[in-house]
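>>> what follows is a protein structure lacking sequence information:
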């Protein structure tokens, strides 16, 4: 099967770029000695990608593939069913979801949960089969979590009792950084905060064997991970225009693109229409906040490596993408049905509209595999 | 099954509001005599909703359920498999998709296609089993279509030959209207343009038995549909915050909401976190352009009818929604796991993240049905 034969829109995953991104992260984490990478599967939602992300030179035996992070319990169920049992569900737990986790753990999995809430800590500890739990720490993102110095930290730990396994934080505020220097500073604040929280717990007689931090930018750029036991990151696997803009990777390191067909030609207006619109691309506009605004995506040729100058999807209707061609670039004048690829603003959101990856290797137009995704809830 | 028992996030469809919206559109279209409503199923993507949308006082026999519009060929396949065979695929056709349409039509369906391209018209006409085709007319949206006066209209008609069935237009520019008066004016421009195109075709000796126009606002507000044979509309079935802002319906006529659980409490910051984020709600920000900006959605109580003042989802991460509570409204102080509902900016995009509807009746918390959706491509 060739790219040119695929129905559109669909998702194309370049395996060699994926592998290059995985290798870059493995090297970045390896600099810090014993720190473990716990890949976040919220971006890829695929067992095939998870297996690659977990394969390391220091690989443990096949019976222990390593641990992952997930953003939904349907991901947890899916990965457990494929033999990955060490899972951190990194979104604040609710009593109802605790029951779902308990059922999964009853099958032999070790799904860990996260909380920053005193009442919920009591409910976790009081469960008939309580899971291991991490306390969420706010180290600058100001989304969830208790501050490292908050007295509530010790109260929650007390309430969790034997369920307490440690602390976790996510410096999502790294997405506001714009240089490696920014990322190093944010990573250091993230590290200091979560390590300080762990030290406070230990000083209070509590366990904090897991000290987990991470975002793709801070995991890659951290100068030190002293005191941290593991890092979590997800979007680095695929990359996207936003991550390229903030320096997580280079512009040629975007592994996931949307294959689309030309469905309208408007040479007089220097425009064309493609069948990748708001659903196939998502309405994410992350690059609106970066030096180069890519609209709803950058249009590339079918090979995925050559752009038509600054040809961008500037309007996104449900199934129509309106591409404004670059006036300083020879317009491609593609016929109806011709195929292009669109690099996304935000890989996590774009990929979520699609139920499978059509996998290619760098520079090759042959589909070498089809990998399913687990979407929804 | 009660709403309180459902896993979150999930999609709730209020059947009585849906029926009210369907009735309002049926009345609006009935004012114009013989004009047919060809409901656009791109919003609902559900056979259960389609059956309600097609049920009319003037209902034809069960063997002819009436025609619909779709935005993807997977919708076409799905609805044909459920017995609806008169289908307009309202996105510009490509040669490859023509093959898919031909396969469907070989099973007895009548899937019509749309084009505004001379070369494609020739490919349609030259197909071994050409489908019926409509020429797309641009009546002000400036997305696809030829202008009513464009000489290309007659050329395309000539190229289509016996495949030509008529003309279609979509005044998506009605979304820029802000009053019933605006909508009436835009509807009249839409009507004039598409009828003029049909008259030009007929004057040239061509067939134009189908004269199709529509968007929810123009279908509802049109003063005249003289010369039009059918109207298409979709989002009116569910409504959303944007459509309420532009006057397609009232603020209490939103039939689809996202059920979410509280996953974080931050009373000091007058905030809470819910488990409906960018994936469950979409990143659509349509109301940014309307008098009231609802962020990523308006938070309602579990009954779906009472808001917490102006409590809005102001930040949307992949699985986290950050709700800024209304300082002038008593904060609900909901516990972790408590459920709320979120009215969406744009029902089409929000619904697309979910694979089913949990159906309730107005004011009742019992799930009376679960209706699947057909997503993707």
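Sure, I can see it. Keep in mind that what you see is a predicted model, and the values were worked out from it rather than measured.
>>> write out the residues of the stretch 1-150 of chain A neighbouring chain B.
Residues of the stretch 1-150 of chain A lying close to chain B by CB under 8 Å from any CB of the partner chain are A:7-10, A:42, A:71-73, A:91-97, A:100, A:115-117, A:119-120, A:143-144. Every C-beta, even on glycine, is put in place using the N, C-alpha and C of the backbone.
>>> which members of those occur in strands, if any?
If you go by DSSP state E, the residues of the stretch 1-150 of chain A next to chain B have A:10, A:115 in strands.
>>> filter the residues of the stretch 1-150 of chain A next to chain B down to the buried ones, PyMOL style.
A single PyMOL command is used to select the members of the residues of the stretch 1-150 of chain A next to chain B judged buried by 16 or more other CB atoms under 10 Å in any protein chain shown:
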select buried, chain A and resi 7+8+9+10+42+71+72+73+91+92+93+94+97+100+115+116+117+120+143+144
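>>> so which residue of chain A lies furthest out from the middle?
Here the centre of chain A is the reference, and by CA atoms, centre = their mean the most remote residue is residue A:268, at 40.1 Å.
>>> now do the contacts for the closest residue to chain B within the stretch 151-300 of chain A.
Proximity of the stretch 151-300 of chain A to chain B (CB to the nearest CB) peaks at residue A:263, 3.8 Å away. When contacts are counted by CB atoms under 8 Å, 6 or more residues apart in numbering or on different chains, residue A:263 touches A:273-275, A:320, A:336, B:91-94, B:144.
>>> before we move on, the earlier item: any idea how far the residue farthest from the centre of chain A lies from residue B:201?
Residue A:268 sits 22 Å away from residue B:201, taking CB to CB, to the nearest Å as the criterion.
>>> excluding chain neighbours, what is closest to residue A:307?
Nearest residue to residue A:307, sequence neighbours excluded (CB to CB, 6 or more residues apart in numbering or on different chains): residue A:300, at 5.3 Å.
>>> does the one you found really touch residue A:342, like I thought?
Yes: with contact defined as CB atoms under 8 Å, residue A:300 counts as touching residue A:342 (7.1 Å).
>>> so what sits against both of the two?
Each of residue A:257 lies in contact with both residue A:300 and residue A:342 under the rule CB under 8 Å, 6+ apart.
>>> ok, those two, which is more surrounded?
Neighbour count, other CB atoms under 10 Å in any protein chain shown: between residue A:300 and residue A:342, residue A:342 has more, with 29 against 19.
>>> not counting sequence-adjacent ones, nearest residue to that one?
In space, residue A:342 comes closest to residue A:297 once its chain neighbours are excluded; the distance is 4.1 Å by CB to CB, 6+ apart.
>>> and the one you found, how many neighbours?
Look at residue A:297: counted by other CB under 10 Å, it has 32 neighbours.
>>> give me every residue that touches it.
Taking CB under 8 Å, 6+ apart, one finds A:241, A:258, A:276, A:281, A:312-313, A:321, A:342-345, A:350 in contact with residue A:297.
>>> for it, grab phi and psi.
phi 150, psi 160 (degrees, to the nearest 10).
>>> how much space between it and residue A:303?
Going from residue A:297 to residue A:303 by CB to CB gives 16 Å.
>>> please apply the same query to residue A:194.
For residue A:194, the distance to residue A:303 - CB to CB - is 42 Å.
>>> higher neighbour count, the two?
Neighbour count, other CB under 10 Å: between residue A:194 and residue A:303, residue A:194 has more, with 31 against 13.
>>> and the more buried one, which helix or strand is it part of?
helix A:180-203 (DSSP states H and E).
>>> buried residues in that helix, which are they?
By neighbour count on 16+ other CB under 10 Å, the buried set for helix A:180-203 is A:182-191, A:193-198, A:200-201.
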